[in-house]
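Engineer: I would like to see how this sequence folds:
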Amino acid sequence: MTARLRFREIAPVLSFLAMVESASAHAHLKSASPAPDSVVETAPQDVRIAFSEAIEPSLSAITIVGPKGQVATAGKAFVDRAAPATLVVKLSQPLPPGAYEARWRCVGMDSHVMRGSYHFQVRP
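Structural biologist: Next comes the predicted model:
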């Protein structure tokens, strides 16, 4: 089998892998504090979400929604200067015990909008 024939056989596979790689290049959640599905003993002062790439802070946001549907964030989310892929939002007051949802929206440097959410609890 010649090298040219082998290339013809694997070229479609290489093309597919390149498309998969480029499609997954958008910012996605890597980690968060409080962590998704965690139960924390002490109410956090802020919520931090780290993404897979740097994000555009002016177009990104985090909203914390409490057990009764109230919003518990104070002000606009901002990017951590030491970590340009981490979005931070301060909480307006200590979170009372209960279940919370962190809703996020981020715009990566490639201008794609990504959204998601996760839950955490504050233990009584």
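Engineer: closest to the centroid, which residue in the chain?
Structural biologist: The chain has Leu29 as the residue nearest its centroid, 3.0 Å off, counting by Cα atoms, centre = their mean.
Engineer: which of the three states applies to Ser58?
Structural biologist: helix (DSSP: H, G, I helix; E, B strand; the rest coil).
Engineer: how many neighbours does it have?
Structural biologist: 10 (other Cβ atoms under 10 Å). Where you see a C-beta, it was placed from the backbone N, CA and C, and this is true even at glycine.
Engineer: got it, and the one 5 residues further on?
Structural biologist: Number of residues near Thr63 (other Cβ under 10 Å) recorded here: 16.
Engineer: wait, it sits on Lys76?
Structural biologist: No - contact criterion Cβ atoms under 8 Å: Thr63 and Lys76 do not qualify, at 10.7 Å.
Engineer: now the common contact residues for those two.
Structural biologist: Shared contacts of Thr63 and Lys76 (Cβ atoms under 8 Å, 6 or more residues apart in numbering): Val89.
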